[in-house]
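J.: 3D model of this:
(4 chains)
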2 protein chains.
Amino acid sequence: MAPDKRVTIRDVALAAGVSPGTVSRAMNDSSLVNEDTHRRIMRVVEELDYTPNVVARRLSLGKTLAVGVIVPFFTRPSVSERLNGVVSLLATSQYDLVIHNIEAPEQRVTCLTEIPFNEQADGILSISLTPTDAEAERLAQAGLPVVLIDGDHRALKGVHHQVTVDDVAGGEATTRYLIELGHTKIGFVGDYHDNPFNFTSSRDRYVGYQRALWEADIPVRAEYLEENQHGRRPARESARNLLALTDRPTAIFAASDTQAVGVLEAAREAGLTVPDDLSVVGYDDVEIADILGLTTRRQLLFESGRRGVELLLQTLENPGTERVFDTLPTELIVRETTAPPQG
Amino acid sequence: MAPDKRVTIRDVALAAGVSPGTVSRAMNDSSLVNEDTHRRIMRVVEELDYTPNVVARRLSLGKTLAVGVIVPFFTRPSVSERLNGVVSLLATSQYDLVIHNIEAPEQRVTCLTEIPFNEQADGILSISLTPTDAEAERLAQAGLPVVLIDGDHRALKGVHHQVTVDDVAGGEATTRYLIELGHTKIGFVGDYHDNPFNFTSSRDRYVGYQRALWEADIPVRAEYLEENQHGRRPARESARNLLALTDRPTAIFAASDTQAVGVLEAAREAGLTVPDDLSVVGYDDVEIADILGLTTRRQLLFESGRRGVELLLQTLENPGTERVFDTLPTELIVRETTAPPQG
DNA sequence: ATGAGCGTTGCAACCGGTTGAATTAAACCG
DNA sequence: CGGTTTAATTCAACCGGTTGCAACGCTCAT
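T.: Model (predicted):
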């Protein structure tokens, strides 16, 4: 009944008539143990159904064989897709994945300052977070490899690698596309550019938006910028404001697909036809964009996760690796929500 | 430069002029330690910035202070939402969350048979997986508390608690709603009922569908059942088949919202207006349902995750806890994709 | 003064692996 | 046949905490 105490390495040693050390070696680097002994030990392992205790192993090795992943709001489709890339590659390695979700700004602090220190992970993957200078310094102290996915902090040594997208360029190119279609009155619906999580993508895309306008000699109008909480509903509100302007935009660039959906809803409410009365562009190219036929700028979410893990594993194997700053490309996916302005 | 070796409990002990044991006690149950000593130790801890090594702690305690979560396809919105519930509650506890994603049937086996055995977790949460009898037995052997969220296996002792939805009842009620609207030709678009992951929800909902028809004396027509891979695209294909029938259904019940989206797409392709020419109902009530105005049966995804964790933590605290089988309610959310059949 | 009783603290074993150094046994060589 | 190399294995320390038990110092009652 009582699930007989776990089988330990000493049990195996006893049964095989060797010392624990030999069993240990047999299970790892067979090179030092005799062929026959090895086989014998393995047979006993089989028989007793022995599985090494990972925790003991970790303590002894001084490695946790786990990587910590810090993600904010992992239910957001873009984040979830990145995480998916992370998980898919990590599953093929010996490392476990310990997840730390951040839903509130306080958690952000705890995660970034405590996790690296309690030896729970050999490396840290941070998704969509841009550490402040103080946080980066603290990370550096911990001496763990840190990889930023969709987060930028080249300045300090705490960060080893990063995988990003050039959001400024992406925002610029997307805006330029709208301009080339003939739009000059282009609204922007994004997150609060100053937010407690220090999310930077919306802000960066807006910077790109401004650049595109400048280059085209189109004035940047303050009333065309709407900042709000992230999300579909807040974006809908923001879009309502834009569409209520006396000189309303003929196109709206949303900082994410989720927000673009809110924009589309606001347009419908206002009785506007998309794309005839209003063009809408999103960012990310998550599934909803395909479903709704939303024109958007695609970024390689899944790949960013995979690439991040790849870099982290590389560093764990070989701590001397040079720092890498990857920038993944983006691509405009034109669907049915954009067209030249009417009249 | 070299991030000076980690501070251990012995360093603290030395600095505070006590033994490691006392420091350990001071950090845990202060009751045995003198007030003054306690304060002194804590000051040193502060000064040296000491954090206990979790791995050593785990080995010594014989507990891993982590729970393993096994999820298939966590990018599916319904699963992700459940996971969200899990994470949100677990974050408030001392337990870490180690994720194991399953994307292929082989992984299913590894996860269910190995993970419980290598002492990586004190308890297991399994989401949307129904263990086979053999797997359940193996789980029981491991002697770990296991909680099934959206999975059913009351038969064996391996499972401690479970949190489910009555999919049969949900499917029946949903179908009855269509019947009450006046539909008699109702198609069903679901997963392969026989699949390597042993997902049962689609199958169960279909059983409910059959019951509703029987009760209403409507014949169950084999050609109205379409099984396919899970997903929007396969569901679209399936719906195409249904709509191509000479006596096509006037309503389609999709086993999930994701699949309902595929059905809507097929309807649009076929030039049918929803809900006038075709009614469509989904299941889950994930965000896309709200966006598209899809009538659907809501289930409490987030809550199911939270509740599962609650039960698991309870059992970890107090191993004697009685087994609990929770069934969460569902609710029909009527939106704009259902109406009485035309003519 | 003696010893019981209590609150604190130290000691040392233990959790279950890993690993460098020491040991043993076999093999080889002049 | 002694001496040395080499391969295989054992030994014991170690990773960094936890904890039962012993020991210590003190108070208090006898």
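J.: For the residue nearest to A:Lys63 when sequence neighbours are not counted, grab the count of nearby residues.
T.: Leaving aside its chain neighbours, A:Lys63 sits nearest to A:Asp122 (5.3 Å; criterion: Cβ to Cβ, 6 or more residues apart in numbering or on different chains). (Glycine included, C-beta is placed from N, CA and C.) Counted by other Cβ atoms under 10 Å in any protein chain shown, the residues lying close to A:Asp122 total 21.
J.: So what does A:Asp122 look like in phi/psi?
T.: Geometry field for A:Asp122 lists phi and psi as phi -90, psi -20, criterion degrees, to the nearest 10.
J.: State the pLDDT value of it.
T.: On pLDDT, A:Asp122 comes in at 90.
J.: Distance-wise, check it relative to A:Gly305.
T.: A:Asp122 is 18 Å from A:Gly305, where distance means Cβ to Cβ, to the nearest Å.
J.: what sits opposite A:Asp191 in the beta ladder?
T.: Counting by DSSP bridges, A:Asp191 forms beta bridges with A:Asn228.
J.: Correct me if wrong: it contacts A:Ala255.
T.: Yes: if you go by Cβ atoms under 8 Å, A:Asp191 and A:Ala255 touch, sitting 6.2 Å apart.
J.: Between the two, which has more neighbouring residues?
T.: Summary of the neighbour comparison: A:Asp191 and A:Ala255, criterion other Cβ under 10 Å, with A:Ala255 having more neighbours (29 against 24).
J.: and stretch A:74-89, how far out from the chain's middle?
T.: Put simply, stretch A:74-89 sits 7 Å off its chain's centre (Cα atoms, centre = their mean, to the nearest Å).
J.: average pLDDT across that stretch?
T.: When pLDDT is averaged along stretch A:74-89, the result is 91.
J.: Also stretch A:244-255?
T.: 97.
J.: ok, and what's touching it?
T.: The contact list for stretch A:244-255 (Cβ atoms under 8 Å, 6 or more residues apart in numbering or on different chains) reads A:171, A:174-175, A:178, A:181, A:183-191, A:201-202, A:205-206, A:209, A:223-224, A:235, A:239, A:242-243, A:260, A:262-263, A:277-283, A:338, A:341-342.
J.: Filter these down to just the buried residues.
T.: Buried members of the contacts of stretch A:244-255, scored by 16 or more other Cβ atoms under 10 Å in any protein chain shown, are A:171, A:174-175, A:178, A:181, A:183, A:185-191, A:201-202, A:205-206, A:209, A:224, A:235, A:239, A:242-243, A:260, A:262-263, A:277-283, A:338, A:341.
J.: what is in contact with A:Asp191 and A:Ala255 at once?
T.: Both A:Asp191 and A:Ala255 are contacted by A:201-202, under the criterion Cβ under 8 Å, 6+ apart.
J.: what sits against the residue nearest the centre of chain A?
T.: Note on chain A: the residue nearest the mean C-alpha position is A:Ile127, at 3.5 Å, using Cα atoms, centre = their mean. Residues in contact with A:Ile127, defined by Cβ under 8 Å, 6+ apart, are A:69-72, A:79, A:82-83, A:86, A:149-151, A:305, A:308.
J.: These in helices, which ones?
T.: Restricting the contacts of A:Ile127 to those inside helices, with DSSP state H as the criterion, leaves A:79, A:82-83, A:86, A:305, A:308.
J.: Could the C-alpha coordinates of the lowest-mean-pLDDT helix or strand in chain A be exported in CSV?
T.: Sorted by mean pLDDT, DSSP states H and E, the helices and strands of chain A end with helix A:105-114, the least confident at a mean of 76. The C-alpha coordinates for helix A:105-114 follow below in CSV (Å, rounded to 0.1, in the frame of the first residue of the first chain):
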residue,chain,number,x,y,z
PRO,A,105,3.6,46.4,-11.1
GLU,A,106,4.6,45.2,-7.6
GLN,A,107,5.1,41.7,-8.9
ARG,A,108,7.4,43.1,-11.5
VAL,A,109,9.8,44.3,-8.8
THR,A,110,9.7,41.0,-6.9
CYS,A,111,10.3,39.0,-10.0
LEU,A,112,13.2,41.0,-11.2
THR,A,113,14.9,41.3,-7.9
GLU,A,114,14.2,38.1,-6.0
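J.: what helices or strands is that helix leaning on?
T.: In terms of contacts (3 or more Cβ pairs under 8 Å, 6 or more residues apart in numbering or on different chains; DSSP states H and E), helix A:105-114 is packed against strand A:66-72, strand A:96-102, helix A:133-142.
J.: mind checking which of those is nearest DNA strand D?
T.: helix A:133-142 (14.2 Å; Cβ to the nearest atom of the strand).
J.: Relative to A:Pro52, how far out is A:Glu35?
T.: Counting by Cβ to Cβ, the gap from A:Glu35 to A:Pro52 is 21 Å.
J.: So for those two, which residue has more residues nearby?
T.: Summary of the neighbour comparison: A:Glu35 and A:Pro52, criterion other Cβ under 10 Å, with A:Pro52 having more neighbours (18 against 8).
J.: Quick check: that one touching A:Met27?
T.: Yes: at 6.6 Å, A:Pro52 counts as touching A:Met27 under the criterion of Cβ under 8 Å.
J.: if we can go back for a sec, sort out for me which of the contacts of stretch A:244-255 are in strands.
T.: Counting by DSSP state E, the members of the contacts of stretch A:244-255 that fall within strands are A:186-191, A:279-283.
J.: Would you point out the most distant pair within these?
T.: For the ones in strands among the contacts of stretch A:244-255, the farthest-apart pair by Cβ to Cβ is A:Asp191 and A:Ser279; their separation is 21.1 Å.
J.: any chance you could map the helices in chain A?
T.: Going by DSSP H, chain A shows helices at A:9-16, A:20-27, A:35-48, A:54-61, A:77-90, A:105-114, A:133-142, A:167-181, A:201-215, A:232-244, A:257-269, A:287-292, A:301-317.
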